[in-house]
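# Sharing a sequence plus its predicted fold:
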Amino acid sequence: MLFNSFEYFVFYLAALALCWTLVGFPKLRIWILLLASYYFYVSNNHWLIVLILISTQIDYIAGIRIDSSRSPATRRWFLLLSVATNLGILGFFKYYGFFAETVVDLAAVVGLRLSWTDLNIILPVGISFYTFQSMSYTIDVYRRHIPAERSWSRFAFYVAYFPQLIAGPIMRASHFLPQVPKKPAMTPARFESALVLIVMGLIKKIVLGDLLGRYADPMFNSPEGASAFQAWLGLYAFTFQIYFDFSGYSDIAIGCSSLMGYDLPDNFRRPYMAVSFSDFWKRWHISLSSWLRDYLYIPLGGNRMKTRFGTYRNLMLTMLLGGLWHGAAWHFVLWGFLHGGYLAVEKMVGSAAVTTASYRSRGSLFLKRIMVFHAVVLTWLVFRCEDMTALGHYLTALIRFEPVDRVTVGMLACAGVILFGWAAQWINEIASIPERFQATPVVLKGAIYAAAVVLIMVFNLDGPRPFIYFRF
């Protein structure tokens, strides 16, 4: 069920109505919303309920046993059970084919002939998100950061809450669980803020992201013969397509959740305005980058290593696994390697420079943003090309300096959306666009809403297109 579909619109209105109708019956309200979340998740594939129930039940029991036990061995054993279950589910359904094929290829290098059976495993949507979310809960209980949740329905609701179930934001139990038993409140300001986020998210996805995808997708599928101008335009198009697509999903999720009375964490903060690579990861997919920091990078030793090499190693391992989180393919590993390399080099030479007055000057900030942005653009090339052959073809196109036969309307529209996306981030860096919108006169505001609805309907006439991060 897609956020940009009529089916979701009907489902959400029904869930929202039940949510507020049952506000005086908190226990029943949670059960109804939990069942609605399960319906949302299994609407296209019923067997998916089995996996999320296994993860939920194991982590619910593990959390209570970890919290109540005084035995370090028992606490470690149940933590291991939780981590092994979640990583086992994730590993089998997402990485079985990748690792089996890699082992066969490595064996062939040393002269061994192995074979493996392709099980045609279907990747369950949202599995990378809810396994990380559920696993973080047991780790936090183990660290004594939070108490175990004793109510099964509340914990299951935390794992399966439908606005963020498929593609995040990845929630922390410490952020969400305290909200569940409280009676939600709605104010005019909260209602309008949520509505702005939903409409803005739909515009990002349907009008901007999908439009860019109509140019970028054919270009990446067949870059042979394209000029450098066309190839670079396609690369910039994908750079903003993935931002509009994913941040649009997050905006809709946060807005829908806010209307139901629950706050979700921010997931994007103008990432293409980053002045360094560490700054980029404080702005892009924040819930994942903070998860990797807290549950992988810091436990590995983080910046507290005796040697700089240890810190660089930790950065590389964290980003390599972050790349692999996106998918079972070598181009995702390479994408993570590039980001890890950027961060390591920044650690080597950039820490002192970042604190200097010249770095903080407006001219220097502009140059830093341009440099970081284009370095990130090159990583999106690796991310989008599904194998080395495709990457080679696209790299060749990027340096094929030939005159463009003709400039099409599609190319002009694509360039216009890219410039709009860049300008919007600059403006939003100075002053929040949603806050400015809320301060506009009511008549103008109504006209903007009406125009937005018309645009969403017109651009969605050929049917909803899936969100990019649904495949992860």
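That came through fine.

# how about stretch 145-153: buried residues?
Under the neighbour-count criterion of 16 or more other CB atoms under 10 Å, stretch 145-153 has 146, 148, 149, 153 buried. For every residue, glycine as well, the C-beta is placed using N, CA and C.

# Repeat that for stretch 227-246.
227, 229-246.

# Now for residue 54, how many residues are close by?
For residue 54, the count of nearby residues is 14 (other CB atoms under 10 Å).

# Just the pLDDT for it.
Residue 54 carries a pLDDT value of 96.

# Backbone dihedrals for residue 386, both of them.
phi -80, psi -10 (degrees, to the nearest 10).

# isn't it right up against residue 331?
Yes: under the criterion of CB atoms under 8 Å, residue 386 makes contact with residue 331 at 6.1 Å.

# could you pull out the helices for the stretch 351-472 of the chain?
351-354, 357-360, 362-384, 388-398, 409-430, 433-438, 442-459 (DSSP state H, counting those that start in this stretch).

# Which one of residue 386 and residue 331 is surrounded by more residues?
Taking other CB under 10 Å, residue 386 and residue 331 do not tie; residue 331 has more neighbours (20 against 15).

# Could you measure from that one over to residue 300?
Distance of residue 331 to residue 300, computed by CB to CB, to the nearest Å: 24 Å.

# Check residue 123 too.
Distance from residue 123 to residue 300, by CB to CB: 27 Å.

# And residue 321, by the same measure?
Counting by CB to CB - residue 321 and residue 300 are separated by 10 Å.

# Next: residue 421.
Taken as CB to CB, the spacing of residue 421 relative to residue 300 amounts to 35 Å.

# Helices of the stretch 101-250 of the chain, residue ranges please.
Going by DSSP H, counting those that start in this stretch, the stretch 101-250 of the chain shows helices at 127-142, 152-160, 162-165, 173-176, 188-202, 210-221, 228-259.

# chain center to the fourth one: distance?
Between the mean C-alpha location of helix 173-176 and the chain-wide mean there is a distance of 18 Å, by CA atoms, centre = their mean, to the nearest Å.

# go on, the third one?
Helix 162-165 has its average C-alpha position 12 Å from the chain's average C-alpha position, going by CA atoms, centre = their mean.

# now the longest one
Its chain's average C-alpha position is 11 Å from that of helix 228-259, according to CA atoms, centre = their mean.

# Stretch 275-293 too?
11 Å.

# Ok, stretch 21-41 next?
Using CA atoms, centre = their mean, the offset of stretch 21-41 from its chain centre is 25 Å.

# same check, this time on stretch 17-27
Put simply, stretch 17-27 sits 30 Å off its chain's centre (CA atoms, centre = their mean).

# Any idea how far apart the tips of that stretch sit?
Using CA to CA, to the nearest Å, the end-to-end distance of stretch 17-27 comes out at 16 Å.

# Once you drop chain neighbours, what's closest to residue 131?
Nearest in space to residue 131, with sequence neighbours left out and distances taken as CB to CB, 6 or more residues apart in numbering, is residue 86 at 4.2 Å.

# My guess is that neighbour contacts residue 57. True?
No: between residue 86 and residue 57 there is no contact under CB under 8 Å: 11.9 Å.

# Between those two, which is the more surrounded one?
Using other CB under 10 Å as the criterion, residue 86 and residue 57 rank with residue 86 on top: 23 against 14.

# Look up how far residue 264 lies from the more buried one.
21 Å.

# Equivalent analysis for residue 400, please.
Distance of residue 400 to residue 264, given as CB to CB: 44 Å.

# now swap in residue 101 and tell me
37 Å.

# more crowded one of those two?
Taking neighbours as other CB under 10 Å, residue 101 and residue 264 compare with residue 264 leading, 23 against 13.

# List phi and psi for that one.
phi -110, psi 150.

# Can you name the residues that contact it?
163, 164, 169, 171, 176, 253, 254, 257, 258 (CB atoms under 8 Å, 6 or more residues apart in numbering).

# residues contacting the first one?
The reference is to residue 163. Contacts for residue 163 were tallied using CB under 8 Å, 6+ apart; they are 252, 253, 254, 256, 257, 260, 264.

# Also the fifth one?
For residue 176, the contact set (CB under 8 Å, 6+ apart) comprises 158, 161, 262, 264.

# Tell me the one among the residues you listed nearest to residue 369.
Closest approach to residue 369 among those (CB to CB): residue 264, at 27.6 Å.

# ok, so what distance separates the closest one from residue 257?
Distance, residue 264 to residue 257, by CB to CB: 5 Å.

# which neighbours do the two share?
Counting by CB under 8 Å, 6+ apart, the shared contacts of residue 264 and residue 257 are 163, 164.

# could I get the contacts of residue 264 as JSON lines with pLDDT and distance to residue 305?
Formatted as JSON lines, the contacts of residue 264 follow (pLDDT from 0 to 100; distance: CB to CB, whole Å):
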{"residue": "163", "pLDDT": "96", "distance to residue 305": "39"}
{"residue": "164", "pLDDT": "95", "distance to residue 305": "34"}
{"residue": "169", "pLDDT": "95", "distance to residue 305": "30"}
{"residue": "171", "pLDDT": "96", "distance to residue 305": "30"}
{"residue": "176", "pLDDT": "97", "distance to residue 305": "33"}
{"residue": "253", "pLDDT": "97", "distance to residue 305": "36"}
{"residue": "254", "pLDDT": "97", "distance to residue 305": "36"}
{"residue": "257", "pLDDT": "97", "distance to residue 305": "39"}
{"residue": "258", "pLDDT": "96", "distance to residue 305": "41"}
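
# Quick one: which of those is the most crowded by neighbours?
Greatest neighbour count in those, by other CB under 10 Å, goes to residue 164: 28 neighbours.

# Just the buried positions in the helix or strand where residue 84 lies, please.
Assessed by DSSP states H and E, residue 84 sits inside helix 72-109. Buried residues in helix 72-109, counted by 16+ other CB under 10 Å: 75, 78-79, 81-83, 85-86, 89-90, 93-98, 100.

# Please apply the same query to stretch 202-219.
For stretch 202-219, a neighbour-count test (16+ other CB under 10 Å) marks 202-213, 215-217, 219 as buried.

# And it, end to end?
The first and final residues of stretch 202-219 sit 24 Å from each other (CA to CA).
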